[in-house]
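Chemist: Here is my input, please return the structure:
(4 chains)
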Amino acid sequence: MSSGFSGKHKRVSVQELAAMVSDGTSLALGGSFLHRGPFSFVRELIRQKKRGLEIIKQSPGYDIDILCRAGVAGKLRAGIVAMEGNFGLAPYYRRAIESGQVELEEHACASLTAGLRAAAFGVPFQPCGGLHGSEIPALNGWKCLDDPYGKGDSVWVIPSIQPDYAVIHASEVDEWGNVRVAGTAHWDRIMSRAAKSVLVVAEKEVDSSVFAAEPEATLVPYFMVEAYAVVQGGAWPGSCWPDYEIDYPAVEAYLQPGDESLAAHLAVGPEAGGSK
Amino acid sequence: MSSGFSGKHKRVSVQELAAMVSDGTSLALGGSFLHRGPFSFVRELIRQKKRGLEIIKQSPGYDIDILCRAGVAGKLRAGIVAMEGNFGLAPYYRRAIESGQVELEEHACASLTAGLRAAAFGVPFQPCGGLHGSEIPALNGWKCLDDPYGKGDSVWVIPSIQPDYAVIHASEVDEWGNVRVAGTAHWDRIMSRAAKSVLVVAEKEVDSSVFAAEPEATLVPYFMVEAYAVVQGGAWPGSCWPDYEIDYPAVEAYLQPGDESLAAHLAVGPEAGGSK
Amino acid sequence: MNTSWSGFSYIVVNLARFIRPNEITFSGVNSTLPMLACLLAKKAYDEDFIYINVAGGVDPRPSQVPLSSSDPVLAEHSASIFANEDFYDLCTRGRMDLTFLGAAQIDGEGNANNSVIGDWHRPKVRLPGGGGGAVMLPTARRACTWRTEHSTRTFVEQLHFRTSAGGFHGVVTPIAVFVKRDGRLALQSWHPESSLDEVRQRTGFKFDSQGAGPTPLPTEREVHALAELDADGQFERDAKVALR
Amino acid sequence: MNTSWSGFSYIVVNLARFIRPNEITFSGVNSTLPMLACLLAKKAYDEDFIYINVAGGVDPRPSQVPLSSSDPVLAEHSASIFANEDFYDLCTRGRMDLTFLGAAQIDGEGNANNSVIGDWHRPKVRLPGGGGGAVMLPTARRACTWRTEHSTRTFVEQLHFRTSAGGFHGVVTPIAVFVKRDGRLALQSWHPESSLDEVRQRTGFKFDSQGAGPTPLPTEREVHALAELDADGQFERDAKVALR
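Modeler: This is a model prediction of the structure:
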């Protein structure tokens, strides 16, 4: 089997994209907090009643909260979790951790990145600066190594973290599955390199010539992308720069307690065929 | 002192840029073989009769050859050295190593990158995949560490390599010192992050609004750049995509033996005020 | 003449005063007040600094001030995107001059708990987590934090969990400014409407107060800059900062 | 009917025949013949593959065939730039299906010397050095190499220096194609104008030749593709490949 994903014909619906994910799979989710997350894909995981997923993300918020709320998440490896944008802590995530329903591997954002780097670089562990004096390394059984060259301080090394899939919400994709992102890439680049496979939800598909006109701007080359879907507005209720900002009322509505609130929220996702 | 280089007024002549470099300094040189190297800067080092410079580059060629020929280089840390483009081995480099005039730290390209990554990441060493069975690690006294997590194979770790300066030949620079490169960045990105300071020679200066229109394309942000010069054609006799290709006759002329050949070559560099 | 100084303004202005000319200064996620402090410093002070943020912006000119401190408008008109891996690496290699980091609990050495109230394995309150601090606090040249309330639940002798060590350079609350001195947080100044006694009473750890006095009132430019940034008072209302 | 098959064409065509459908295949610096092989395979074979190269190109459509195998035209019309760090990481994480790597000396296990003729510390000839091989040869799924001459100075029992270990999957010379079998290079086929005896005589290590025979002649499409790539014969002249 080839190490890359060749050819065209990678475009599927976001429903088919989510259907590629089995229960128990590990998913690195792109974006940060309420910004450019693969939220249409996340909601589709809920509709398809996935179970026991391992979520990997430096700064999840809405995504992990709704996955905890719907009972989809089994484990989280994360640096910082919050709704952000004035919404404070992620309430359903909090409950899931406090009740023990979901397992947490607590990281610094940079230690999670180090673990992803180890996977991306094909090495068993990755030194990570800082962490000295923190109780996080002990929680995770991380090791502190002396500098074998006797010049630097001792350094914490993070074991390789290789997600089954990196799932990215992109600005643009072409018919081959090349991926571009406007503004900061957050952690999407290292996630795409660390994961066994990359799934993409894009705001729109453009002709490959758009990519060829500026190949330096391509974040993920097509051969690393297994499949993609196009969902305009798919990062809702979060932002996707420069197309749209956070839909604050929608987030507020989502945070209302009760199953009906969740159902109502899911019903108006742009991928659901409903209207916002 | 600030960790960054703020403000405008960074533009100097390439002569002033080279004058910032003291004897014995370590320089990471951008580009690869005959492509987009900071060659005008390199020639200026020769005119200024620098001595004992340590050159760091995964794939040097013309640059290390001419620096050896002129007695400027004291040490080289490199992965692969050749003129390329049908010119074969770099003759003056060969002579300098074979005679012991210049010290060589032989690397794989990726192990040099690993050392630069250690510096960029602020850690004392960096694991590097591969290298198993090679005699290079023993040459350099590198250590092989077991995976402390007992999952992966043992891995070679490369000590941090922090150049005093990274010197890059860029496509465009703005008045603040932001840097863009067309096509592949070769190793320029990691060099810029590993070095204590970045010096830039650019084909041209453009208005900062050009950068702001597409900030994702900026390779090095201004605050990492200490000073820059503008030398149109400065990568001559190498290529600078898409502006010009390798000047093969000029390389051939350079390779003619004798001091006059070197002098004639130096006289026609675009930074020398002569004409090609 | 400023006869009253709101807790909100006190925090933002005093965070801004930690910013030094030409230094690389970073504001991150979940950090509305530091974001405002950075934007205020750009307006209120003559000397410029290098402002980078978690949205990838480098000296941005945002068209609006966002509610989310990681909002992409914070990269508007930026000439480069300095992405997440990049600013963390900048910090771990020792070249982040100043970073702002949140903290739920702070001890007398300036270490932080962002992880949990109660036992980590049986949390009473699960907090956001390691975030930037565990790596940035020990590696940034200076790190500063803020709390929107000041109490012995926050300023503690013993953290429930030590998420980040290394010690803050500075801490701002609605009533006080602490700075690190000899490895401990020392009181630098107190809100003009507060007092040394009040700060002592509301702080769970012992601190040196040598040389401390009332905080110098905001300058006209500081007041004006903050008023511009929060023209309709939304940020002040949202922050819900009370002196007591 | 091809009655004569130049050493140059023999090497390029046989390198191209190592390329498999859909696989990620890389050509690097100092690798004119593998570059031609990749470009030939794109033209001559029905099944496509993923061609990446050291110029950052991904399935490029170069406007010309460059003398330098790292020339930026090898990224023309590419929809992405896959830069140096990226393709090395791809290889070390085990996802480089096929890479071409140069070698000055090759031993019977397919290990390579690219460093030196003579003692490393007292070199008779200083060679290019570690390059891609020391990291890529042990980590790529398959690595293939080529030599433009075939002699006991190149194919040796004992390398002067082991730059890269791990063993080539395939080696092409003007007169022979070797492939790895049970950890050793085995003869797969010989140039129709050569023979098993000749290959034995000109090879410094012992090898298995079970099943070997004359190399199948180039197909019309292979011949045609190479003629297109080297329309004026410049590459063939520059390569200076002689059967003997």
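
Chemist: which element is C:Ile11 on?
Modeler: helix C:7-16 (DSSP states H and E).

Chemist: is any part of that helix close to chain A?
Modeler: No. If you take C-beta under 8 Å from any C-beta of the partner chain as the test, helix C:7-16 misses chain A, and the best it gets is 13.7 Å. No exception for glycine: its C-beta is placed from N, CA and C like everyone else's.

Chemist: likewise stretch C:113-125?
Modeler: Yes. Using C-beta under 8 Å from any C-beta, stretch C:113-125 reaches chain A at C:Asn114, C:Ser115, C:Trp120, C:Pro123, C:Lys124, C:Val125.

Chemist: Closest one of these to chain A?
Modeler: Lowest distance from chain A to the residues of stretch C:113-125 next to chain A (C-beta to the nearest C-beta) belongs to C:Pro123, with 5.2 Å.

Chemist: Which strand residues bridge that closest one?
Modeler: Beta-bridge partners for C:Pro123, by DSSP bridges, are C:Gly118.

Chemist: Surely it is in contact with A:Gly100?
Modeler: No. Here C:Pro123 lies out of contact with A:Gly100, judged by C-beta atoms under 8 Å, at a distance of 9.5 Å.

Chemist: So for these two, which sits in the more crowded spot?
Modeler: Taking neighbours as other C-beta atoms under 10 Å in any protein chain shown, C:Pro123 and A:Gly100 compare with C:Pro123 leading, 20 against 11.

Chemist: ok, now which ones touch that one?
Modeler: Taking C-beta atoms under 8 Å, 6 or more residues apart in numbering or on different chains, we find C:Pro123 in contact with A:Ile97, A:Glu98, C:Val116, C:Ile117.

Chemist: As TSV, the residues you listed with secondary structure, pLDDT and neighbour count would be great.
Modeler: TSV is the format used below for the contacts of C:Pro123 (DSSP: H, G, I helix; E, B strand; the rest coil; pLDDT from 0 to 100; neighbours: other C-beta atoms under 10 Å in any protein chain shown):
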residue	secondary structure	pLDDT	neighbour count
A:Ile97	helix	98	24
A:Glu98	helix	98	16
C:Val116	strand	98	25
C:Ile117	strand	98	15
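
Chemist: So which of these reach chain B?
Modeler: Okay, of the contacts of C:Pro123, nothing touches chain B (C-beta under 8 Å from any C-beta).

Chemist: Looking at those, which one is closest to B:Ser13?
Modeler: Closest approach between the contacts of C:Pro123 and B:Ser13, by C-beta to C-beta: C:Val116, at 58.1 Å.

Chemist: give the contact list for that closest one.
Modeler: Contacts of C:Val116 by C-beta under 8 Å, 6+ apart are C:Pro123, C:Lys124, C:Val125, C:Arg126, C:Leu127, C:His160, C:Phe161.

Chemist: So for the last one, what's the nearest residue that isn't a sequence neighbour?
Modeler: The one in question is C:Phe161. Distances taken as C-beta to C-beta, 6 or more residues apart in numbering or on different chains place C:Ser115 nearest to C:Phe161, at 4.5 Å, with adjacent residues excluded.

Chemist: Output the below-cut-off pLDDT ranges for chain A.
Modeler: Filtered on pLDDT under 70, chain A yields the residue ranges A:274-276.

Chemist: Which stretches in it count as helices?
Modeler: With DSSP state H, the ranges of helices along chain A come out as A:14-19, A:39-47, A:62-69, A:91-98, A:109-121, A:136-140, A:188-194, A:208-212, A:248-254, A:259-267.

Chemist: Packed most tightly, which of those would that be?
Modeler: The highest mean neighbour count among the helices of chain A, using mean count of other C-beta atoms under 10 Å in any protein chain shown, belongs to helix A:109-121: a mean of 28.

Chemist: Report the inter-axis angle for that helix versus helix B:109-121.
Modeler: Relative orientation of helix A:109-121 and helix B:109-121, computed by axes from the mean of the first three to the mean of the last three C-alpha atoms, to 10 degrees: 180 degrees.

Chemist: From what I see, A:Ala96 and A:Val102 are in contact.
Modeler: Yes. Counting by C-beta under 8 Å, A:Val102 is a contact partner of A:Ala96 at 4.0 Å.

Chemist: Can you report how many residues lie near residue 240?
Modeler: I'll assume chain A. The burial count for A:Cys240: 27, using other C-beta under 10 Å.

Chemist: right idea, wrong chain: chain C
Modeler: 10.

Chemist: do the same with C:Asp238
Modeler: 14.

Chemist: residues contacting the nearest residue to it once chain neighbours are set aside?
Modeler: Excluding the flanking residues, the one nearest C:Asp238 by C-beta to C-beta, 6+ apart is A:Asn86, at 5.3 Å. Applying C-beta under 8 Å, 6+ apart, one finds that A:Asn86 lies in contact with C:Thr32, C:Leu67, C:Ser68, C:Asp238.

Chemist: follow-up on the earlier one: can you turn the buried part of the contacts of C:Val116 into a PyMOL selection?
Modeler: Restricted to buried positions by 16 or more other C-beta atoms under 10 Å in any protein chain shown, the PyMOL selection for the contacts of C:Val116 reads:
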select buried, chain C and resi 123+126+127+160+161
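
Chemist: For the contacts of C:Val116, give me TSV that also has secondary structure.
Modeler: TSV is the format used below for the contacts of C:Val116 (DSSP: H, G, I helix; E, B strand; the rest coil):
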residue	secondary structure
C:Pro123	strand
C:Lys124	strand
C:Val125	strand
C:Arg126	strand
C:Leu127	coil
C:His160	coil
C:Phe161	coil
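
Chemist: show me what contacts A:Glu226?
Modeler: Contacts of A:Glu226 (C-beta under 8 Å, 6+ apart): A:Phe5, A:Lys10, A:Met20, A:Tyr165, A:Gly177, A:Ser197, A:Val198, A:Leu199.

Chemist: Closest one to chain C out of those, please.
Modeler: Nearest to chain C among the contacts of A:Glu226, counting by C-beta to the nearest C-beta, is A:Val198 at 17.2 Å.

Chemist: what's near enough to touch the closest one?
Modeler: Counting by C-beta under 8 Å, 6+ apart, A:Val198 has contacts A:Tyr165, A:Ala166, A:Val167, A:Ile168, A:Val179, A:Ser192, A:Val220, A:Met224, A:Val225, A:Glu226.

Chemist: Quick check: residues of chain C near chain B?
Modeler: Residues of chain C lying near chain B (C-beta under 8 Å from any C-beta): C:20-24, C:48-50, C:52, C:56, C:58, C:75, C:77-82, C:86, C:89-97, C:139, C:141.

Chemist: for chain A, that is, sorry about that
Modeler: So chain A meets chain B at A:118, A:121-129, A:143, A:145, A:147-149, A:151-153, A:155, A:157, A:159-160, A:181-183, A:185, A:214-217 (C-beta under 8 Å from any C-beta).

Chemist: among the residues you listed, which are in reach of chain D?
Modeler: A:Phe121, A:Gly122, A:Val123, A:Pro215, A:Glu216.

Chemist: Excluding chain neighbours, what is closest to the third one?
Modeler: Nearest in space to A:Val123, with sequence neighbours left out and distances taken as C-beta to C-beta, 6+ apart, is B:Pro127 at 3.9 Å.

Chemist: for chain C, longest helix please?
Modeler: Per DSSP H, chain C has its longest helix at helix C:32-44.

Chemist: The helix or strand just after that one and chain A in contact?
Modeler: Per DSSP H and E, the first helix or strand lying C-terminal to helix C:32-44 is strand C:50-53. No. Applying C-beta under 8 Å from any C-beta, one finds strand C:50-53 separated from chain A by no less than 9.4 Å.

Chemist: Tell me which other helices or strands strand C:50-53 touches.
Modeler: Secondary-structure packing of strand C:50-53 (3 or more C-beta pairs under 8 Å, 6 or more residues apart in numbering or on different chains; DSSP states H and E): strand C:24-27, helix C:32-44.
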